[in-house]
Each structure stands twice: as C-alpha cells, then as structure tokens.
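>>> would you be able to build a 3D model of this:
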Amino acid sequence: MLSFLFPRKCVLCRSLLTSKETELCHNCRCTVKSHPKAKRMIPFVAQWTAMWYYKGNVRKSIQRFKFYNCRSNAVAYGRLLALKLLEQDFQAPDMITWVPISSRRRFARGYDQSQLLADALGKELGIAVVSTLKKIRHTKPQSGIADAAQRRANVLGAYKVKNPQAVAGKRILLVDDVITTGATASECAKTLLAGGAAQIHFVAIAATSND
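As a prediction, this is how the structure comes out:
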C-alpha cells in the first residue's frame, strides 16, 4: 500500500523506479555524466570532489531539494556520495561537518539542506557528523554573483568555529550541495584551519564547471 501511495522515484528525473533500481533510474545512471576527480585547487582545501555537473536534471533535482522541501533527496544523495568517495580510495576523516546557512535563511526555508546531506553521508559512512561552523553574517546568495572576486568578498569573515576544542587536530570532511568557484568552501576551510583543524577535505553533490 505504501509503495502504491508513495512510489519510489529517480532522485534526478523523477521517473518511477523498478523493483531492481535504487536512487537512480537506468537512464540517468547511463546518461548523467559523473564529475571526474577534481584537478583545480581550492585554497585551504586539501582535496575535493563532486558527484555530477550542475546542469540538466541534476540542477533541477538540487533545486527541489534546496528550495522546494524535497528533504528526502538527502538520503539518496548521501548514499551515492558515499559510493563516489569509496571509489576514490577515500581516507576516512575524524568527522563530517557542513557549510551552514544563515539563521535568517534557515528560518525562511525551514531546514539547512547541507546539514541534511551531511547527516545522510555520515550515516552511510559510519562517521560522526558534528556542527562546527556558524554563519555569523547574512550574505547574498552566491548563485547570484558571477564574479569570482565578488564571491570571495561576499563570504569573507562570514563564518566562525563554534567550538575550537572540537576541531583541534582533526581531519574534517566539509559538505555542501554545489561548488562553483570554491569561494565558500575556501572560506569555511580557512576558518576551520584557523580554529585548529589539521586538514580539510570537501565534497559536493555537483560542480558547475569542468575541473
């Protein structure tokens, strides 16, 4: 009855899944291009990876997750991201954390999508998820800023470490939904390193360019 009322759908294209399919339909598994191992360096980030390119059904899927209350997408993303990391000889960090949104944006949205993603990924990998950062300044959405320098300026000093003792000497995996220029990831990583963390790795559902 539950399957009839709430049929399982592909997290990307929303087509109905068969009994043998999980997270993605056969067509999306075959046609949606996986993001390769990243080559571009992000300041203060030791290594980063993304699962897909931010376009087409991937973009629509993330927008549903981020803006239209499709919170259940986090479970599928977390499972697929865990597989992606394990395929890349992933070295388990001491903890997983996420890029937080401002309290104003969280109040308006009702949830923090990156926290949901981090929780799902942590559950799949069996790694503790810890809230390490707080956004102390409300900023314009990075998606509305095209210039890389302006993106960096927009997030400069926007985050602080909640508890330096919790991150001291730790290897941390930082999670967000989308990476564009890397300005937000870099600022968060810099903040965590200044707070005493040993090393920061970063992972996102999608990246906007071929890196």
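>>> residue closest to the middle of this structure?
Centroid check for the chain by C-alpha atoms, centre = their mean gives Asp176 as the closest residue, at 2.5 Å.
>>> next, that residue: phi, psi?
Main-chain torsions, Asp176, degrees, to the nearest 10: phi -150, psi 170.
>>> check contacts around the nearest residue to Glu23 once chain neighbours are set aside.
Residue nearest to Glu23 in three dimensions, not counting chain neighbours: Ala76, with 4.3 Å by C-beta to C-beta, 6 or more residues apart in numbering. Placement of C-beta: from N, CA and C, glycine included. When the contact criterion is C-beta atoms under 8 Å, 6 or more residues apart in numbering, the partners of Ala76 are Val11, Glu23, Leu24.
>>> how much space separates the nearest residue to Gln115 once chain neighbours are set aside from Tyr54?
Here the nearest residue to Gln115 in space, its sequence neighbours aside, is Trp98; by C-beta to C-beta, 6+ apart that works out to 5.1 Å. The gap separating Trp98 from Tyr54 is 18 Å, by C-beta to C-beta, to the nearest Å.
>>> ok, back up a step: now the residue nearest to Gln115: how far from Gly157?
For Trp98, the distance to Gly157 (C-beta to C-beta) stands at 19 Å.
>>> ok, now Ala92?
Counting by C-beta to C-beta, the gap between Ala92 and Gly157 amounts to 31 Å.
>>> again, but for Ile145
Taken as C-beta to C-beta, the span from Ile145 to Gly157 is 16 Å.
>>> neighbour-wise, which of those two wins?
Set side by side, Ile145 and Gly157 give different neighbour counts by other C-beta atoms under 10 Å, the larger being at Ile145 (19 against 10).
>>> and the pLDDT for that one?
For Ile145, the model assigns a pLDDT of 81.
>>> leaving out the residues flanking it, which one is nearest to it?
Here the residue nearest Ile145, using C-beta to C-beta, 6+ apart, is Arg151, at 5.1 Å.
>>> okay, now the unreliable bits of this structure?
Within the chain, the segments meeting pLDDT under 70 span 1-6, 210-211.
>>> can you classify Phe65 as helix, strand or coil?
helix (DSSP: H, G, I helix; E, B strand; the rest coil).
>>> ok, for it, nearest residue in space, not its chain neighbours?
Of all residues not flanking Phe65 in the chain, Asn73 sits nearest, at 4.1 Å (C-beta to C-beta, 6+ apart).
>>> what's the burial count for Ala194?
In terms of burial, Ala194 registers 13 neighbours under the definition other C-beta under 10 Å.
>>> how near is the closest residue to it other than its chain neighbours to Lys134?
Take Ala194 and drop its neighbours on the chain: the residue closest to it by C-beta to C-beta, 6+ apart is Val161, 7.5 Å away. Per C-beta to C-beta, Val161 is found 8 Å from Lys134.
>>> higher neighbour count, those two?
Neighbours per residue, other C-beta under 10 Å: of Val161 and Lys134, the larger number sits with Val161, 20 against 15.
>>> so Trp48: helix, strand or coil?
Strictly by three-state DSSP, Trp48 counts as strand.
>>> and the biggest helix by length in the chain, which residues are buried?
Taking DSSP state H as the criterion, the chain has its longest helix at helix 73-87. By 16 or more other C-beta atoms under 10 Å, the buried positions in helix 73-87 come out as Asn73, Ala74, Val75, Ala76, Tyr77, Gly78, Arg79, Leu80, Leu81, Ala82, Lys84, Leu85.
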